[in-house]
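[1] here is the input, now give the coordinates:
(chains A and B)
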Amino acid sequence: MATLAQRRRAPKSERPFTERAAGRWLRIYVPILLFILITLFPFYWMAITSIKSDQELLDHDQNPMFVIVPTLYHYHYLFFETHFLQWLTNTTIVAIVSTAISLFCSLLSGYALARLRFRGANSIGWGIFVTYLVPPTLLFLPLALLIRTFHLFNNLFALILTYPTFLIPFCTWLLIGYFKSIPRELEESALVDGADRIQAMVRIVMPLALPGILSAGMFAFTLSWNEFLYALIFMGDTQSKTIPVGVVQELIRGDDFFWGQLMAAALLGSIPVALLYSFFVEYFVAGMTAGAVKG
Amino acid sequence: MSTATLPKIAAEPKRRPLHVRLLNREAPLGYTLLVPTMLMLLVFLAFPFLWGIWLSVTDAQIGVDETKFIGGANFLYERGDTVFIQSFWNTINYTLVTTVFKLVLGLSMALLLNQVFPFQRFVRAALLLPWIIPSVLSTLAWRWMFDPTFSVLNWVLVHPLHSVGVNWLGTTNTALASLMVVNIWRGVPFYGISFLAGLQVIPVDLYEAARVDGANRWQQFREITLPLLRPVLMVVLMLSTILTFADFQLPYVLTKGAPYNSTNVLSTWAFNIGVPGGDIGIGAAISLVLFPILAIAIAGVLISLRSKD
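    Numbers count the residues shown, from 1 in each chain, chains lettered A, B, ... in the order given. Below you'll find the model as predicted:
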């Protein structure tokens, strides 16, 4: 068998270096560059459009890939002539508060389901997992009636209270995985030393689960930042809209598309999550795949 | 083992108040910790879900206080609604086609990223972007790229040939396909990065052993990579199928169902009927059509996951 392997490998290393390099380029670098080009082009297009004047945008003879005289006019308009800053504030508040609520709930339920033994724990765990799979598309009509009953239309609490329905199941599931990876012995020795269960949970388990908590928090923040359907239905007033809804409903006037402003708004609305994510990319990837790999 | 140590602790500190002693036992503490989650999910998820089922069998309308039970009339009505039928098939088409592409492209992306190459961290971060950014905003950029007069895609693909540009979103032949392109663009990173994580936990020795036995690359992929990737594959497929099946943002921002309902899917049609149209009962019935299909997808994956345990 070893001889077979040698025979198979030998010709490869005898090939000239340039040929191997060319093979590598074709097999790896070119496809990766293609993936990157296609992935990033829409973002380039957003950025380049947002700094073009309207004349340049509507000029058929100009090469659309580049800008001749860049301008910040669209950004200026966005900040001073529209409610963009208000939408930014709304989105931030909703994302932070609903993330906090969801993290609080999921930390408790995740710990209970991962660590404590009680009747029905397993079924409750699967139940929560299944609710994660119920999409907003299925719930938006009755939820709208519920929000009306609570008199919460145009109130940020309409979003703060409904977003956790898709955040909690996800975060709980993610945190169960993290809690399970922490050795029980650490907690048990604290219990033997006289700490009660809640102390053991807060002082021993939570700090160790910090990476998991961070990635759950990032996911929750990103998902609430990006949510569209509930915000579209619950927030009718210009003043109370979030960025995705404000941009789509208020910056598109009838059939007129002011692409300069629209792309400026799209870019600004994407930057917070992009920044957050670029700082914590490892947690993000770990969190995204935790459920999948462990599930 | 916690069951062994527990009685000792519970018996030892007798002077602690009752609620502390209770919370030191696993079952009471467990139920207490679940209260906030259960409360949120019951009020804002389970209850609306049941209410939705009730609405689907009533003639509820926005602005009309009286609603009465009308049985399966909404479902019967929808069965004869050509737009509903078209939306239904569009949804199936949209989900099946994009899932196949996302699966193949995502797998290739993962296999590529699993190689050694420079700027690995940057490349991974960049490739995940479409999935992180608010869908509505990136979809808006695509809408601008599909613009009938100023489409940059036409400039790149058609302009060199000096022929007339394609009206991507404006003609029934290309509109749904354009939606699929954007969905694939947005979804591939999720597949790619999840699969990559799955690939990275496969032990390298397996491949070495296979090479020693004379297995070629394709055989290694089929006999080692695919079977070991199966759990990740199933979970990603399930999540993606559900999200694609219920996708609202992308069709809403790109076309709102136009032209001639060629891009209406169940979610946008339920929205049209229920919100601007005001027929909540019929809208709820349309949403519910999603459920049995989703339930089958979920059950299938759950069974395959649990049978492995």
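[2] please give the element, helix or strand, for B:L103.
    helix B:82-113 (DSSP states H and E).
[3] show me the shaky parts of the stretch 201-309 of chain B.
    Residue ranges of the stretch 201-309 of chain B with pLDDT under 70: B:305-309.
[4] so which residues of it form helices?
    B:204-212, B:217-220, B:226-245, B:249-254, B:266-274, B:280-308 (DSSP state H, counting those that start in this stretch).
[5] so can I have CSV of the ones you listed showing distance to chain A?
    Heads up, the C-betas are built off the backbone N, CA and C, glycines and all. As requested, these are exported to CSV (distance: least, Cβ to the nearest Cβ, whole Å):
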stretch, distance to chain A
helix B:204-212, 5
helix B:217-220, 11
helix B:226-245, 4
helix B:249-254, 5
helix B:266-274, 4
helix B:280-308, 5
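[6] need the winner for burial among these.
    Across those, averaging neighbours per residue (mean count of other Cβ atoms under 10 Å in any protein chain shown) puts helix B:266-274 on top, at a mean of 26.
[7] rewinding a little: minimum distance to B:P48: which of the helices of the stretch 201-309 of chain B has it?
    In terms of Cβ to Cβ, the element of the helices of the stretch 201-309 of chain B nearest to B:P48 is helix B:280-308, at 10.1 Å.
[8] just to revisit the earlier point, distance to A:R115 added to the helices of the stretch 201-309 of chain B, as JSON lines?
    JSON lines is the format used below for the helices of the stretch 201-309 of chain B (distance: least, Cβ to Cβ, whole Å):
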{"stretch": "helix B:204-212", "distance to A:R115": "34"}
{"stretch": "helix B:217-220", "distance to A:R115": "40"}
{"stretch": "helix B:226-245", "distance to A:R115": "23"}
{"stretch": "helix B:249-254", "distance to A:R115": "37"}
{"stretch": "helix B:266-274", "distance to A:R115": "38"}
{"stretch": "helix B:280-308", "distance to A:R115": "21"}
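[9] surely B:T95 and B:L243 touch.
    No - with contact defined as Cβ atoms under 8 Å, B:T95 does not count as touching B:L243 (9.5 Å).
[10] re the thing from before, can the helix holding B:L103 be found next to chain A?
    Yes - using Cβ under 8 Å from any Cβ of the partner chain, helix B:82-113 reaches chain A at B:S108, B:M109, B:L112, B:L113.
[11] now swap in stretch B:122-141 and tell me
    Yes - using Cβ under 8 Å from any Cβ, stretch B:122-141 reaches chain A at B:123-130, B:132-138, B:140-141.
[12] just to revisit the earlier point, neighbour-wise, which of the residues of helix B:82-113 next to chain A leads?
    B:M109 (24 neighbours; other Cβ atoms under 10 Å in any protein chain shown).
[13] tell me which of the residues of stretch B:122-141 next to chain A fall in helices.
    Using DSSP state H, the members of the residues of stretch B:122-141 next to chain A that fall in helices are B:123-130, B:132, B:135-138, B:140-141.
[14] helix, strand or coil for residue 62?
    Unless you meant another one, I'm taking chain A. What DSSP: H, G, I helix; E, B strand; the rest coil gives for A:Q62 is coil.
[15] please go with chain B instead
    Assignment for B:I62 (three-state DSSP): coil.
[16] break chain B into its domains for me.
    B:2-41, B:73-308 (automatic domain parsing).
[17] name the stretch among these that sits most buried.
    domain B:73-308 (a mean of 18).
[18] returning to that earlier point: nearest to A:N90, of the domains of chain B?
    domain B:73-308 (13.9 Å).
[19] model confidence over stretch B:116-132, on average?
    Stretch B:116-132 shows a mean pLDDT of 86.
[20] the helices in the stretch 1-150 of chain A, which residues?
    Counting by DSSP H, counting those that start in this stretch, the helices of the stretch 1-150 of chain A are A:2-14, A:17-24, A:30-50, A:54-57, A:73-81, A:84-115, A:121-132, A:136-149.
[21] closest to B:L34 out of those helices?
    helix A:84-115 (5.1 Å).
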